[in-house]
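here is a sequence together with a model predicted from it:
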There are 2 protein chains.
Amino acid sequence: MIDKASGVPAYRQLADVLRGRVRTAGYAPGSQIPSERDLVAEFGVSRPTVRQAIELLRNEGVLLAEHGRGIFVRPIPTVQRLARTRLSREARERNQGTFLGDAAAGGWEPSVSVRIHVEPANQRVADLLHLSPGAEVCVRDRLMRADGNPVQLATSRLPREITRGTAIEQVDTGQGGVYARLEEAGHRLGHFEELVSARQPTPEERSSLQLTPGIPVLTITRVAIADGGYPVEVNDMVLSAERYQLHYVLPAE
Amino acid sequence: MIDKASGVPAYRQLADVLRGRVRTAGYAPGSQIPSERDLVAEFGVSRPTVRQAIELLRNEGVLLAEHGRGIFVRPIPTVQRLARTRLSREARERNQGTFLGDAAAGGWEPSVSVRIHVEPANQRVADLLHLSPGAEVCVRDRLMRADGNPVQLATSRLPREITRGTAIEQVDTGQGGVYARLEEAGHRLGHFEELVSARQPTPEERSSLQLTPGIPVLTITRVAIADGGYPVEVNDMVLSAERYQLHYVLPAE
DNA sequence: TAGTGGTCTAGACCACAGC
DNA sequence: CTGTGGTCTAGACCACTAT
């Protein structure tokens, strides 16, 4: 099976064979594949070489290793669609915030841990909020769970000038959440801008979100812009790319 | 530096030290770090252990190895912002398509290779286009380049029923691109839906897009919906997450 | 030619899961 | 207890880059 004279490294050839077996469902999703030592015998290569091939496929998100149990084909995950239309005023007024709206739509039980503090704005935050670097911002650091499982990290930053004395600086922001309190304070929201990208998680994110290796995270930076055209909030979100799909609707005009 | 009795694997401890040096700019972006053999001497571990630590950081996108040259701190990449507002009719009428519009905005030289064929719709495509599985679809397979560098893969599928006899089945679709030809054929566009996620690239995508290991791809599935509410095109796009940021604007109402 | 990262080996011991 | 994956070693040879 492995051609050592082909110029292609043995571990890549082996990874190709195993990936092929997964794709053609020779190895079914969720099922256990042969142990490393079995593969050593089957393909006539050393155990480190087998491990290198498996490592490659784990990083591609094809395989999943469980210590003491075995190696498995990664089961097809259930995906949550995050509809970005939930930022509408009407939707905001019905619930505590966008996360709770998504939970209602997805049929899972939401819970949120919040930590609040005040810090000086760094260069990036100052630029996004049109503040001078070092100006005070109120920081709402949140970990969202779905049915108890951590699924999303979110860090909102708002100018302290706006939040001082409001429920935004409280753990419980009340009906309608932060955005409702902003509008009550006279900052009527005009639109949101979202910057979406993806990357490998940091070790901290990997443990907070209980991510399996090989799964990247989606990053969303959302800036809320008030009717006057000035920014009032920047929200940095980190989501497991395995579990989330973002849904945007764009007009053709 | 490495505490072998701590319970934390040596390669993780080493990775933590090196990551720390990169974060605090002890190792500057783009600069070369000590060779594997130097690190073996510095930390008193074997070369495979050093390689394991470096492999981890490469997959996190922190380091970059160049065969025969050395290991480098990954330089901060330049990001292209893909403004999804460019789908407006006015913008479409000015140019050949959204990719060319993004190029004009970003100031780079665009080029596109196109391959066209007809195939039966699979289950997913049939669902998205409201067709029966097996119905013929016209497939436009494209590789987009910016200044000669491959940056994006896109595969559009349209019902054959709609494209038969139109320039959509030609390599050059003419002024305004596919969307202009669709409107000429009487399919006035109502809105677009985009589903965004991320994952590790397949080996094929990695070579087509010349991706460096450890960098995930952004995936966008865009469905164009005509005024009558029926879908006319599904476009699957794959972009390097290192090079792209998606920009969405959402109304607050 | 010297130095670099890339591949591969044979073996050892540890930690975890499950019977 | 057995079998699994996880870690680590000491060394060998290859392929690439630069001088």
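Thanks, I have it. Numbering: from 1, shown residues only, chains lettered A, B, ... in the order given.

touching chain B at all, stretch A:242-253?
Yes: under the criterion of CB under 8 Å from any CB of the partner chain, stretch A:242-253 makes contact with chain B via A:E242, A:Y244, A:Q245, A:L246, A:H247, A:Y248, A:V249, A:L250, A:P251, A:A252, A:E253. Placement of C-beta: from N, CA and C, glycine included.

make a PyMOL selection of the buried ones in those residues.
The PyMOL selection below is limited to those of the residues of stretch A:242-253 next to chain B classed as buried (16 or more other CB atoms under 10 Å in any protein chain shown):
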select buried, chain A and resi 242+244+245+246+247+248+250+252
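
tabulate the residues of stretch A:242-253 next to chain B in TSV, adding columns for pLDDT, secondary structure and distance to DNA strand C.
Output for the residues of stretch A:242-253 next to chain B, formatted as TSV (pLDDT from 0 to 100; DSSP: H, G, I helix; E, B strand; the rest coil; distance: CB to the nearest atom of the strand, whole Å):
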residue	pLDDT	secondary structure	distance to DNA strand C
A:E242	87	coil	21
A:Y244	88	strand	27
A:Q245	90	strand	30
A:L246	91	strand	34
A:H247	89	strand	36
A:Y248	89	strand	38
A:V249	88	strand	43
A:L250	86	strand	41
A:P251	84	strand	47
A:A252	81	coil	47
A:E253	73	coil	50
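
may I see the residues of stretch A:242-253 next to chain B arranged in CSV, with distance to B:I54 as well?
Putting these into CSV (distance: CB to CB, whole Å) gives the following:
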residue, distance to B:I54
A:E242, 26
A:Y244, 30
A:Q245, 33
A:L246, 33
A:H247, 38
A:Y248, 38
A:V249, 44
A:L250, 42
A:P251, 48
A:A252, 48
A:E253, 51
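
please look at A:I225 and A:E194 and confirm they touch.
No: using CB atoms under 8 Å, A:I225 is not in contact with A:E194, being 11.4 Å away.

compare neighbour counts for the two and give me the winner.
Ranked by neighbour count (other CB atoms under 10 Å in any protein chain shown), A:I225 and A:E194 place A:E194 first, with 21 against 18.

tally of neighbours for A:S35?
12.

and for the one 5 residues further on?
When neighbours are counted by other CB under 10 Å, A:V40 registers 17.

kindly report the same for A:E205.
For A:E205, the neighbour count with other CB under 10 Å is 16.

ok, A:E36 next?
With other CB under 10 Å as criterion, A:E36 counts 16.

check A:A154 too.
For A:A154, the count of nearby residues is 21 (other CB under 10 Å).

how near is it to chain B?
As judged by CB to the nearest CB, to the nearest Å, A:A154 and chain B stand 16 Å apart.

packing partners of the one helix or strand that residue maps to?
Secondary structure from DSSP states H and E places A:A154 in strand A:149-159. In terms of contacts (3 or more CB pairs under 8 Å, 6 or more residues apart in numbering or on different chains; DSSP states H and E), strand A:149-159 is packed against helix A:123-129, strand A:136-146, helix A:177-184, helix A:203-208, strand A:231-240.

TSV for the ones you listed, including mean pLDDT and distance to chain B?
Listed next are the helices and strands packed on strand A:149-159 as TSV, based on pLDDT from 0 to 100; distance: least, CB to the nearest CB, whole Å:
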stretch	mean pLDDT	distance to chain B
helix A:123-129	95	13
strand A:136-146	92	17
helix A:177-184	88	8
helix A:203-208	86	8
strand A:231-240	95	9
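
closest to B:L64 out of these?
Of all these, helix A:203-208 sits nearest to B:L64, with 19.0 Å by CB to CB.

which of the residues of stretch A:242-253 next to chain B lies closest to DNA strand D?
A:E242 (17.9 Å; CB to the nearest atom of the strand).

what residues does chain A have near DNA strand D?
Counting by CB under 7 Å from any atom of the strand, the residues of chain A lying close to DNA strand D are A:35-38, A:47-48, A:51, A:54, A:65-71.

ranking the residues you listed by neighbours, who comes first?
For the residues of chain A next to DNA strand D, neighbours tallied by other CB under 10 Å; top is A:I54, 21 neighbours.

can you tell me the element it falls in?
In the assignment (DSSP H and E), A:I54 maps to helix A:47-59.

centre of the chain versus that helix, how much separation?
Taking CA atoms, centre = their mean, to the nearest Å, the mean C-alpha location of helix A:47-59 is offset from the chain mean by 26 Å.

got a list of contacts for it?
Outside helix A:47-59, the residues that touch it by CB atoms under 8 Å, 6 or more residues apart in numbering or on different chains are A:10-12, A:14-15, A:18-19, A:22, A:36-37, A:39-40, A:43, A:63-65, A:71, A:213-214, B:48, B:55, B:59, B:200.

same deal with stretch A:19-28?
Outside stretch A:19-28, the residues touching it (CB under 8 Å, 6+ apart) are A:L18, A:I33, A:L57, A:E60, A:V62, A:L63, A:V73, B:P203.

now the end-to-end length of that stretch.
11 Å (CA to CA, to the nearest Å).

ok, and for that stretch, which residues are buried?
A:R19, A:V22, A:Y27.

closest to A:P77 out of those residues?
A:V22 (15.0 Å).

quick check: which element contains the closest one?
Element membership of A:V22 [criterion: DSSP H and E] is helix A:10-23.

would you mind putting the buried residues of stretch A:19-28 into a markdown table with distance to A:R140 and pLDDT alongside?
Converted to a markdown table, the buried residues of stretch A:19-28 look like this (distance: CB to CB, whole Å; pLDDT from 0 to 100):
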| residue | distance to A:R140 | pLDDT |
| --- | --- | --- |
| A:R19 | 43 | 92 |
| A:V22 | 42 | 91 |
| A:Y27 | 44 | 90 |
